[in-house]
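Q: Pasting a predicted model and its sequence here:
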Amino acid sequence: MPHPGPLRGPVPPHKGEGALALLITDRGARRLYALNAEARALGLFAGQKATDAAALVPGLVTHEADPAADAAALEALCDWCVRFSPAVAVDGRDGLLMDITGVSHLWSGEQAMADDLLQRLAANGIPARIALADTAGAAWALARFAAADGQALICPPGAQAEPLSSLPVAALRLDEAAAAQLARLGLTRIDRLVGLPRAQLTRRFGPQVVLRLDQALGRAREALTFRRAPSPWIDRLAFAEPISQLDDLVRVAGDIAGRLCERLRAEGRGARRFELTYHRLDGRAFPVQVGLSVAGRDALVLTRLFAPRLESIDPGFGIEVVTLAAEDVEVLSAAQGRLDNSRAAMAEEGVSALVDRLANRLGEDAVWRAEVVESHVPERASRPAPAISAPRADGWDPDRPRPLRLLAHPEAITVMAKLPDDPPLLFTWRGQRRRVRLAEGPERIAEEWWRKPVGDIGPGFVRDYYQVEDEAGGRFWIFRAGLYDDADNPPRWWLHGVFA
């Protein structure tokens with residue numbers, strides 16, 4: 001009789017030295033939320049019941065997970081990565097997507113840029129792996145299923161199909177149900193999906209499988225939501241030795257402003273907002289923003305606006321990188337100075353510079369200008385707006401001029417007219433009688449029925465406005481409120497504004 005051989009008992013549990021897992025309560029059960037590399041090597045996985053994991057690995061060290069703190073830390077890391085690219089997006093709970101188009105040359109290539117990022121993350125105790133590809137889907141798949149810890153995998157342009165082919169279908173960012181159904185049918189790798197008829201794939205598994213495959217291969221576009229709006233108008237300065245003195249901070253602000261303003265000048269553009277960010281050695285970033293009332297590109301002006309606000313920056317052990325981004329960029333044609341150096345031109349430039357200094361020193365809300373609002377009622381035709389914000393493209397109708405000074409409330413006047421519907425011959429305002437030399441009007445303005453009444457005139461008002469000029473040359477905007485055929489509410493005259 002042949003020997004039956006040794007009996008096989010249950011697999012002995014692992015000791016689990018160095019294995020660590022975070023736990024959460026999910027649907028009334030304690031489950032693994034995240035694991036380190038040692039725990040994953042022992043066969044544990046996220047979502048597994050804590051009791052099963054403890055039976056398999058008795059030495060497993062567990063702690064309570066804090067998803068909110070993890071999300072906040074990932075967002076902080078996303079902001080920190082702005083030193084490498086202005087377009088960074090949070091990807092799930094454990095990844096970042098970064099668009100490095102047009103910025104890798106600042107590190108002399110993609111490989112050097114990836115190595116620098118990995119080195120800085122490792123120095124701060126953050127393990128990471130990086131993949132570079134033409135599409136976000138390919139980079140996501142290669143980083144999670146092909147790249148090794150602490151290394152960067154760079155896919156040549158247009159060649160993502162070959163490295164993706166040997167990866168599992170889970171690398172296409174499919175939901176668990178679709179990935180499990182594909183695996184049951186033997187479609188475990190991406191290359192087995194590529195040759196199948198697309199219509200049958202869509203009919204059998206829904207549109208997600210085909211869409212994710214096309215996004216990874218670059219056949220379909222994918223929209224990414226970046227944490228901050230990416231701006232192509234950005235420049236960066238890195239220092240061989242960290243800086244910390246205030247004079248050095250001001251000097252590098254002028255240097256980087258000169259570089260970015262030169263780019264704007266070459267493209268015939270200007271900007272209304274600039275954000276200067278100082279990146280400290282410990283990873284903290286200190287942004288400083290300034291705004292302009294008129295789009296500009298003068299590095300000297302920007303430096304003067306930045307300088308008073310740099311005193312609040314704490315350099316710590318030193319600043320290693322400075323970035324400058326321009327926002328609200330618009331076309332700015334070159335302006336030739338006037339040959340006569342007129343006082344009007346000098347005054348206009350001086351007012352803009354004064355507004356910029358006051359708004360950036362006192363705050364944007366402390367300095368405001370009048371902004372046009374679409375309304376027929378004069379009290380509603382304007383509203384306060386920050387002085388350094390972009391003005392509206394539309395304005396008042398030039399055929400219907402409005403006074404430079406509009407009174408806060410119309411003031412009652414006494415009027416003498418030849419006929420009821422004629423403009424006044426003379427009127428008395430603030431105790432002074434004025435004889436009318438010229439008059440134009442009327443312009444009828446009625447209440448906007450879809451809004452609440454304004455002022456003290458009351459609901460259902462009808463106003464007939466006149467522009468009048470007295471014998472001294474003063475020009476006024478007066479109106480008659482009410483109609484002569486309304487016996488209950490006889491018309492009254494009011495002065496509403498004064499022209500320049």
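A: Thanks, I have the structure now.

Q: ok, Phe45 - contacts?
A: 32, 35 (CB atoms under 8 Å, 6 or more residues apart in numbering). The C-beta positions use only the backbone N, C-alpha and C, and glycine is treated the same way.

Q: Phe274 now?
A: Going by CB under 8 Å, 6+ apart, the list of residues near Phe274 reads 257, 260, 289-291, 302, 324-327.

Q: what's across from it in the sheet?
A: Val290, Ala326 (DSSP bridges).

Q: where does it land on pLDDT?
A: For Phe274, the pLDDT comes out at 93.

Q: do the same with Asp456
A: In this model, Asp456 carries a pLDDT of 46.

Q: Surely Glu440 is within a strand?
A: Yes - assessed by DSSP: H, G, I helix; E, B strand; the rest coil, Glu440 belongs to a strand.

Q: Nearest residue to it in space, please, no chain neighbours.
A: Closest residue to Glu440 apart from its sequence neighbours, by CB to CB, 6 or more residues apart in numbering: Gln467 at 4.6 Å.

Q: mind checking the SS state of the one you found?
A: Under three-state DSSP, Gln467 comes out as strand.

Q: wait, doesn't it sit right on Ala439?
A: Yes - between Gln467 and Ala439 a contact is recorded at 7.0 Å, counting by CB atoms under 8 Å.

Q: So between those two, which is more surrounded?
A: Gln467 (20 against 16; other CB atoms under 10 Å).

Q: Now do the same contact list for that one.
A: Going by CB under 8 Å, 6+ apart, the list of residues near Gln467 reads 401, 439-441, 475-477, 499.

Q: quick revisit: name the residues linked to the residue nearest to Glu440 by a beta bridge.
A: Under the criterion used (DSSP bridges), Gln467 bridges to Glu440, Trp477.

Q: on that earlier part again, please identify which two of the contacts of Phe274 are farthest apart in space.
A: Across the contacts of Phe274, the longest distance by CB to CB is 15.4 Å; it joins Leu260 and Gly291.

Q: Residue ranges in this protein under the pLDDT threshold?
A: Scanning the chain with the threshold set as pLDDT under 70 gives 1-17, 229-231, 333-351, 356, 359-360, 362-364, 366, 387-399, 449-460, 483-489.

Q: How is the chain divided into domains?
A: 20-65, 96-217, 234-331, 405-498 (automatic domain parsing).

Q: closest to Ala76 out of the ones you listed?
A: domain 234-331 (8.3 Å).

Q: From start to finish, how long is that closest one in a straight line?
A: 17 Å (CA to CA, to the nearest Å).

Q: Any idea how far that domain is from the middle of the chain?
A: Distance of domain 234-331 from the chain centroid (CA atoms, centre = their mean, to the nearest Å) equals 18 Å.

Q: Stretch 316-335 too?
A: 15 Å.

Q: go on, stretch 92-106?
A: 17 Å.

Q: can you confirm His376 is in a strand?
A: No - counting by three-state DSSP, His376 is not found in a strand; it is coil.

Q: show me what contacts it?
A: His376 touches 445-446, 448, counting by CB under 8 Å, 6+ apart.

Q: cool, Arg405 as well?
A: By CB under 8 Å, 6+ apart, the neighbours of Arg405 are 497-498, 500.

Q: Of the residues you listed, keep whichever come out buried.
A: Gly497 (16 or more other CB atoms under 10 Å).

Q: list the helices and strands the helix or strand hosting Ala257 packs on?
A: Element membership of Ala257 [criterion: DSSP states H and E] is helix 246-266. If you count contacts as 3 or more CB pairs under 8 Å, 6 or more residues apart in numbering; DSSP states H and E, helix 246-266 packs onto strand 234-243, strand 269-280, helix 299-306, strand 319-331.

Q: Can you convert these into CSV and add a column each for distance to Ala46?
A: Compiled in CSV, the helices and strands packed on helix 246-266 are given as follows (distance: least, CB to CB, whole Å):
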stretch, distance to Ala46
strand 234-243, 37
strand 269-280, 33
helix 299-306, 46
strand 319-331, 35
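
Q: ok, the spatially closest residue to Thr25 that is not a sequence neighbour to Gln48 distance?
A: Spatially, and ignoring its direct neighbours in sequence, Thr25 is nearest to Arg31 (7.7 Å; CB to CB, 6+ apart). Distance, Arg31 to Gln48, by CB to CB, to the nearest Å: 6 Å.

Q: who's more crowded, these two?
A: More neighbours surround Arg31 than the other of Arg31 and Gln48, with 19 against 16 (other CB under 10 Å).

Q: Tell me if I'm right that that one and Ala50 touch.
A: Yes - between Arg31 and Ala50 a contact is recorded at 6.3 Å, counting by CB under 8 Å.

Q: Any of the contacts of His376 buried? List them.
A: For the contacts of His376, a burial check counting by 16+ other CB under 10 Å picks out Ile445.

Q: for the contacts of His376, which one is nearest Arg203?
A: The closest of the contacts of His376, once distances to Arg203 are taken by CB to CB, is Glu448, at 56.0 Å.

Q: doesn't Ser375 make contact with that closest one?
A: Yes - the pair Glu448 / Ser375 is scored as a contact, 6.9 Å apart, by CB under 8 Å.

Q: Quick check: phi and psi at Ala146.
A: phi -130, psi -40 (degrees, to the nearest 10).
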